[in-house]
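Q: Got a predicted model here, sequence first, then my questions.
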Amino acid sequence: MNLRGQLVDEQTRCVHYHTSKDIIAIKMKCCHTYYPCYQCHEEEADHPITRWTKVEWDEKAILCGRCHEELSIATYLAHDTCPHCHAAWNPRCEGHYHLYFEMEE
């Protein structure tokens with residue numbers, strides 16, 4: 001699995017987001033590389049983020065940092081916890097969805 005960024009632990013926390021609930025990484029559509037956050041991508045990649053469109057939400061593009069299960073975008077957006085290990089995800093990540101995913105206007 002291709003995981004990059006300024007990681008601080010094995011559960012995909014990074015220097016930018018490292019609370020107990022910051023345990024997901026997102027596979028960026030533009031480079032098919034997992035990053036813990038948009039800031040890690042901006043610092044390391046040589047290109048801008050490309051958003052996943054709604055028709056692509058079945059793509060496995062979310063990595064649970066606790067159990068390392070890959071989830072579809074649709075599954076991630078529909079749950080507050082990992083459906084496999086039940087780890088809670090940070091609800092404040094919703095504020096950044098528009099950076100990664102095509103959302104309702």
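A: Okay, I see it. Numbers count the residues shown, from 1 in each chain.
Q: Now do the strands in the protein.
A: All strands of the chain, identified by DSSP state E, fall at 24-28, 33-35, 60-64, 70-72.
Q: Low-confidence stretches in the protein?
A: Low-confidence regions of the chain, defined by pLDDT under 70, span residues 105.
Q: Tell me, how many residues neighbour the residue nearest to Val15 when sequence neighbours are not counted?
A: Excluding its sequence neighbours, the residue lying closest to Val15 (Cβ to Cβ, 6 or more residues apart in numbering) is Gln6, at 4.3 Å. In this view, the C-beta of every residue, glycine as well, is placed from N, C-alpha and C. Gln6 is flanked by 16 other residues according to other Cβ atoms under 10 Å.
Q: Could you pull up the residues touching Gln6?
A: By Cβ atoms under 8 Å, 6 or more residues apart in numbering, the contact set of Gln6 is Cys14, Val15, His16, Pro36, Cys40, Glu43.
Q: and it, how far is that from Cys40?
A: For Gln6, the distance to Cys40 (Cβ to Cβ, to the nearest Å) stands at 6 Å.
Q: Next: Leu99.
A: If you measure Leu99 against Cys40 using Cβ to Cβ, the figure is 12 Å.
Q: Next, show the common contact partners of Gln6 and Cys40.
A: With contacts taken as Cβ under 8 Å, 6+ apart, Gln6 and Cys40 have Cys14, His16 as neighbours in common.
Q: Comparing Leu99 and Cys40, which shows the higher neighbour count?
A: Using other Cβ under 10 Å, the more surrounded residue of Leu99 and Cys40 is Cys40, with 23 against 14.
Q: Kindly provide the distance from that one to His68.
A: As judged by Cβ to Cβ, Cys40 and His68 stand 18 Å apart.
Q: just Tyr76 next, same as before
A: Applying Cβ to Cβ, the value for Tyr76 to His68 is 14 Å.
Q: For this structure, which segments count as helices?
A: Listed from the start of the chain, the chain has helices (DSSP state H) covering 38-44, 73-78, 97-100.
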